[in-house]
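Engineer: I would like the atomic coordinates for the input below:
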Amino acid sequence: MASLQTSTLMLSSSSSSSFPSKRINAALQLPELPTDRLTVIKTRTRKMVEGLNLKVDGFTNTATTPLLNNNVATTTTTPNHVDQSFNSTTAKFYAILEAVAERVEMHSNLGEQRDNWNSLLLNSINMITLTASTMAGVAAATTVGAGVPLLAMKLSSTLLFSAATGMLLVMNKIQPSQLAEEQRNASRLFRQLKSKFQTIVALRSPTEQDVKDAMEKVLALDKAYPLPLVGAMIEKFPKTFEPSVWWPQNQSQTSRNHISFNGKNGWSEELEAEMREIIEVVKAKDREDYERLGNLALKINKSLAIAGPLLTGIAAVSSPFVGNGSWGTVVAVTAGALASTVNAFEHGAQVGMVIEMYRNSAGFFKLMEDSIGATLEESDVEKRENGELFRMKVALGLGRSFPQLKDIARKSASSRLEGTAIDEFASKLF
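Structural biologist: Reported below is the predicted structural model:
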């Protein structure tokens, strides 16, 4: 209300002045003022935006130009042969990594295939043997004057026993369950190798020495677990049991010298003594135990591999003499039944797979011995792997914690001083 009264007084005073027309004109020109102000505001805003654009452009130019200049200078000053060497080494390492990934797939597929071989051959041979034994028994129950039916029974039984003998000879020679376990181990070791190579690429750029070491490891693993059967298959019945070796054996070793330890690179005199005791326990307990079990399983497998074809062969020879009350009937039926039992135990229990498991486990402990021995024989501690990291790898490989690792080393030292054998294994995994 106060504002309305004020505006009314202003209008009345203006109407009573001596220049009413000019004031009316001024009042009529009031709507044009916002347009002028808007124009001024637009002009100022445009100038401010242009100023900001100039500042932003100037900032980006000053910020990016040195970086671009530095990049140009870097690329122009860096020798071309260095880039080519780096790219070539990296490309070689990635090529090896791709080959390792392909081998993982190949060994996995072959492992499944050879496991199927074991199941199919086992079931087929047992069915053939049992069928032949049944026919021999039926032929014995047939009257002597049966003529053609009796001859057909004898002939069929003889052929089936002969076929079972030939199939058993092939199956016992290649040991499909052992072949499948070999491929499973190879696939696992190649995956482990692939993981190590990926770790190298993630941590740093590979060098020429990395490429050389990678090639040697891949070729050593190929030799330890060959893919073909003819000409390259691992001997299934060696004279003595030997641990599997899948790592390069031509690594250079330096002479063992006395070292003054001062905690360099994570190593100390106490840690070296602990690692030496671990080697003794692994060699005297773990590796020796698996070699003993491997030799026992190898002897059992040899006996079963000979007994199976021998029994089916005896049954095949006795089948033509099957008759009512004949000795051939007893021999054929009994030998066939025993052959099925032997075959089921040998390949159903997968004795060959057990032997390969023992070979791989003994090889693992041999690898640990060689790894610890090669590390300790390096006289320059700076060239060794970091002591704490190496100790952690050994502890994880044996399935023990640091206090347990130290305790087993202490027990080993005490046993050697007392002249007694340690009663504990180094590993808790196998």
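
Engineer: ok, residue 178 - contacts?
Structural biologist: Contact analysis of residue 178 by C-beta atoms under 8 Å, 6 or more residues apart in numbering lists 236, 350, 352, 353, 355, 356. Backbone N, C-alpha and C define where each C-beta goes, glycine included.

Engineer: and for residue 92?
Structural biologist: Taking C-beta under 8 Å, 6+ apart, we find residue 92 in contact with residue 211.

Engineer: show me what the helix or strand where residue 356 lies is packed against.
Structural biologist: Using DSSP states H and E, residue 356 maps to helix 351-377. Applying 3 or more C-beta pairs under 8 Å, 6 or more residues apart in numbering; DSSP states H and E, one finds that helix 351-377 makes contact with helix 176-203, helix 269-281, helix 288-318, helix 387-398.

Engineer: run through who's touching the last one.
Structural biologist: Helix 387-398 has contacts (C-beta under 8 Å, 6+ apart) with 265-268, 271, 274-275, 278, 364, 368, 372, 375, 381, 384, 401-402, 404-405, 426-429.

Engineer: buried members of the residues you listed into PyMOL, please.
Structural biologist: With 16 or more other C-beta atoms under 10 Å as the criterion, this PyMOL line picks the buried residues out of the contacts of helix 387-398:
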select buried, resi 267+271+274+275+278+364+368+372+375+381+384+405+426+427
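
Engineer: same question for the helix holding residue 356, mean pLDDT?
Structural biologist: For helix 351-377, the mean per-residue pLDDT is 93.

Engineer: and for stretch 200-212?
Structural biologist: Stretch 200-212 carries an average pLDDT of 91.

Engineer: what's the answer for stretch 137-146, then?
Structural biologist: Across stretch 137-146, the average pLDDT comes to 69.

Engineer: please apply the same query to stretch 219-227.
Structural biologist: 93.

Engineer: ok, residues contacting that stretch?
Structural biologist: With C-beta under 8 Å, 6+ apart as the test, stretch 219-227 has contacts from 103, 106-107, 110, 182-183, 185-186, 189-190, 193, 232-234, 244-249.

Engineer: which of the residues in stretch 178-198 are buried?
Structural biologist: Neighbour-count burial for stretch 178-198, counted by 16+ other C-beta under 10 Å, picks out 178-187, 189-191, 193-194, 197.

Engineer: and these, which two are the farthest apart?
Structural biologist: Greatest spatial distance among the buried residues of stretch 178-198 (C-beta to C-beta): 178 and 197, at 28.5 Å.

Engineer: okay, now the unreliable bits of the stretch 251-400 of the chain?
Structural biologist: The stretch 251-400 of the chain contains residues with pLDDT under 70 at 251-263, 324-325.

Engineer: ok, now with 80
Structural biologist: Scanning the stretch 251-400 of the chain for pLDDT under 80 picks out 251-264, 323-328.

Engineer: need the pLDDT of residue 38.
Structural biologist: 47.

Engineer: for the helix or strand where residue 209 lies, buried residues please.
Structural biologist: Here residue 209, judged by DSSP H and E, is contained in helix 208-224. Neighbour-count burial for helix 208-224, with 16+ other C-beta under 10 Å as criterion, is recorded at 210, 211, 213, 214, 217, 218, 220, 221, 222, 224.

Engineer: that helix vs helix 176-203, what angle?
Structural biologist: Counting by axes from the mean of the first three to the mean of the last three C-alpha atoms, to 10 degrees, helix 208-224 points 170 degrees away from the direction of helix 176-203.

Engineer: report the angle between helix 208-224 and helix 351-377.
Structural biologist: Calculated by the same axes, to 10 degrees, helix 208-224 forms an angle of 150 degrees with helix 351-377.

Engineer: can you count the residues close to residue 365?
Structural biologist: Residue 365 has 26 neighbours, counted by other C-beta atoms under 10 Å.

Engineer: who's in contact with the closest residue in space to it that isn't next to it in sequence?
Structural biologist: Distances taken as C-beta to C-beta, 6 or more residues apart in numbering put residue 287 closest to residue 365, at 4.1 Å, once the chain neighbours are dropped. By C-beta under 8 Å, 6+ apart, residue 287 lies in contact with 243, 362, 365, 366, 369.

Engineer: check which helix or strand covers the nearest residue to residue 121 once chain neighbours are set aside.
Structural biologist: Nearest non-adjacent residue to residue 121, counting by C-beta to C-beta, 6+ apart: residue 171, 5.0 Å away. According to DSSP H and E, residue 171 maps onto helix 148-174.

Engineer: can you mark which positions in that helix are buried?
Structural biologist: For helix 148-174, a neighbour-count test (16+ other C-beta under 10 Å) marks 150, 153-154, 156-158, 160-165, 167-168, 171-172, 174 as buried.

Engineer: which SS state does residue 229 fall under?
Structural biologist: Look at residue 229: counting by DSSP: H, G, I helix; E, B strand; the rest coil, its state is coil.
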